[in-house]
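K.L.:
can't give you the sequence, but here's the structure:
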């Protein structure tokens, strides 16, 4: 299915370039990441957290905590995308910061090396999540919550790459891809939920159907 088949103009075809972001060669290299890197980094973290959780908590408690952690991630994904990634900071420095955070992705949406978070960005997020989770839930309950949180993050990264570079054949895959491409090529102010598009319905930022527009 082409972009035109899905209701997107060929004039808005995604770019394939991978622009240089930093003068420093090392920083620029670290700003790019292969889509499999988060799997190698965070799947072991998920396994370790789940194992520790099951050693000290009942299975139902672990399941409930993981579900809560996943829910928390989906909300962070939605509100982070809506208010942080799309916030246009004032001044030249603000414009530069916005471009580094998210603008580059909208200018070059099919850059395969900038579709998942580099470890330099996701790592601090996980450290902060561990600290906040420990304060809010204490140990050992924070372990299953963090398990679900990391699962949510990894799901987001994989879904994001999938929507840009896969050729889905299932209804779910087609829907996720269509909604995210509509965010890129139809209306940047709609469709902030990448892996959890239901929050757009809840918070009134869902794309309108043709009969509603």
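P.N.:
Everything's here; your move. Keep in mind that this is a model prediction, so the values were computed, not measured. Residues are numbered from 1 along each chain as shown.

K.L.:
mind listing the helices for the chain?
P.N.:
Assigned by DSSP state H, the helices in the chain fall at 25-30, 37-56, 59-79, 91-98, 104-107, 119-137, 142-165, 171-185, 198-203.

K.L.:
Quick one, which of the ones you listed gets closest to residue 209.
P.N.:
helix 171-185 (11.0 Å; C-beta to C-beta). From N, CA and C alone the C-beta is placed, and that goes for glycine too.

K.L.:
Mind listing what's buried along the closest one?
P.N.:
176, 177, 178, 179, 180, 181, 182, 183, 184, 185 (16 or more other C-beta atoms under 10 Å).

K.L.:
Closest to residue 22 out of those residues?
P.N.:
Of the buried residues of helix 171-185, the one sitting nearest to residue 22 (C-beta to C-beta) turns out to be residue 184, at 24.1 Å.

K.L.:
from what I can see the closest one touches residue 106, true?
P.N.:
Yes: the criterion here is C-beta atoms under 8 Å, and residue 184 meets it with residue 106 at 6.6 Å.

K.L.:
Spatially central residue in the chain, please.
P.N.:
Nearest to the geometric centre of the chain sits residue 156, at 4.1 Å (C-alpha atoms, centre = their mean).

K.L.:
Relative to residue 78, how far out is that residue?
P.N.:
Separation of residue 156 from residue 78 (C-beta to C-beta, to the nearest Å) stands at 10 Å.

K.L.:
Run through the residues that contact the residue nearest to the centre of the chain.
P.N.:
For residue 156, the contacting residues are 73, 77, 194, 195, by C-beta atoms under 8 Å, 6 or more residues apart in numbering.

K.L.:
swap the cut-off to 6 Å and go again
P.N.:
By C-beta atoms under 6 Å, 6 or more residues apart in numbering, the residues touching residue 156 are 77, 194, 195.

K.L.:
can you tell me how far residue 89 sits from residue 95?
P.N.:
From residue 89 to residue 95 the distance is 7 Å (C-beta to C-beta).

K.L.:
Actually, residue 157.
P.N.:
Per C-beta to C-beta, residue 157 is found 26 Å from residue 95.

K.L.:
what about this structure, any weak spots by pLDDT?
P.N.:
Applying pLDDT under 70 to the chain flags the ranges 1-17, 93, 97-101, 103, 107, 210-213.

K.L.:
how does it look with 90?
P.N.:
Applying pLDDT under 90 to the chain picks out residues 1-33, 81-121, 164-168, 184-189, 207-213.

K.L.:
Give the burial count for residue 193, as a bare number.
P.N.:
Residue 193 is flanked by 26 other residues according to other C-beta atoms under 10 Å.
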